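A.B. asks: requesting a structural model of the entry that follows:
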Amino acid sequence: MGYRLSKIYTRTGDDGTTGLADGSRLPKEDPRIEAIGTLDELNAHLGLLASFELPPEIGAIVTEIQHRLLDLGGELATPDARRLPETCVTALEQQIDRINAGLPPLKEFILPGGGPSAAQCHLARTLCRRAERRLLSLHRLEPVSPVSIRYLNRLSDLLFVVSRRLARDNGGEVLWRPLEAPPVS
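C.D. replies: Predicted structure coming up:
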């Protein structure tokens, strides 16, 4: 395991830069730092989700995701590092299939909500999509692990089915009612 921070503030970021694991420094608004920060934000929202009373299976999934997001953030903080193996993507796909099999077919869009835990999971899902966009923005400038990109893409899908499961457990989903279009004259 790496070193532990014993001092929280260093003053080195007061100039608008932040350090990577290799000692290099980047502006805090750099696309790499934006991606790392968005992963951190997502992880914090998953921490809030984990604070709800969740079914044990879902709680274990959320905790595992939090660990993998720290791995992904570490990968981004260490240029040229690759930490997430393809098996992480496969594991997400298996979880999606298992949870989705217990849900009714989706025939309409659903409103984000369905109880506090489901709403929080929907919020995490949207943050995951933002993290994926940030990672893709970085990838346009420099190579990013394709596994990491796939991981975030599948993770948002997993968070969607987990949201549906939590909504079902808390009284049900609210289906979208499209606005009736006026007749064309």
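
A.B. asks: use CA for all of it now, contacts and neighbours both
C.D. replies: OK.

A.B. asks: for this structure, give me the ranges with low pLDDT.
C.D. replies: Judged by pLDDT under 70, the chain has its weakly predicted residues at 1-5, 12, 27, 181.

A.B. asks: one more time with 80
C.D. replies: 1-28, 79-80, 82, 181-185 (pLDDT under 80).

A.B. asks: separation between the spatially most central residue of the chain and residue 39?
C.D. replies: Nearest to the mean C-alpha position of the chain, counting by CA atoms, centre = their mean, stands residue 128 at 3.3 Å. Relative to residue 39, residue 128 is positioned 8 Å away (CA to CA, to the nearest Å).

A.B. asks: next, the distance between the ends of stretch 42-59.
C.D. replies: 16 Å.

A.B. asks: got the buried residues for that stretch?
C.D. replies: 42, 43, 45, 46, 49, 50, 54, 58, 59 (16 or more other CA atoms under 10 Å).

A.B. asks: with secondary structure added, can I get those residues in a markdown table?
C.D. replies: Formatted as a markdown table, the buried residues of stretch 42-59 follow (DSSP: H, G, I helix; E, B strand; the rest coil):
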| residue | secondary structure |
| --- | --- |
| 42 | helix |
| 43 | helix |
| 45 | helix |
| 46 | helix |
| 49 | helix |
| 50 | helix |
| 54 | coil |
| 58 | helix |
| 59 | helix |
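
A.B. asks: would you turn those into CSV with distance to residue 145?
C.D. replies: Compiled in CSV, these are given as follows (distance: CA to CA, whole Å):
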residue, distance to residue 145
42, 19
43, 20
45, 24
46, 23
49, 27
50, 28
54, 32
58, 27
59, 27
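
A.B. asks: please identify which of these is nearest to residue 73.
C.D. replies: Checking the buried residues of stretch 42-59 against residue 73 by CA to CA gives residue 43 as the nearest, at 10.1 Å.

A.B. asks: and that closest one, what does it touch?
C.D. replies: 66, 69 (CA atoms under 8 Å, 6 or more residues apart in numbering).

A.B. asks: hmm, 6 Å instead?
C.D. replies: residue 66 (CA atoms under 6 Å, 6 or more residues apart in numbering).

A.B. asks: distance check, it against residue 52.
C.D. replies: Distance from residue 43 to residue 52, by CA to CA: 15 Å.

A.B. asks: number of nearby residues for residue 66?
C.D. replies: Residue 66 has 21 neighbours, counted by other CA atoms under 10 Å.

A.B. asks: cool, and residue 111?
C.D. replies: By other CA under 10 Å, the residues close to residue 111 number 13.

A.B. asks: and what of residue 92?
C.D. replies: Neighbour tally, residue 92, other CA under 10 Å: 22.
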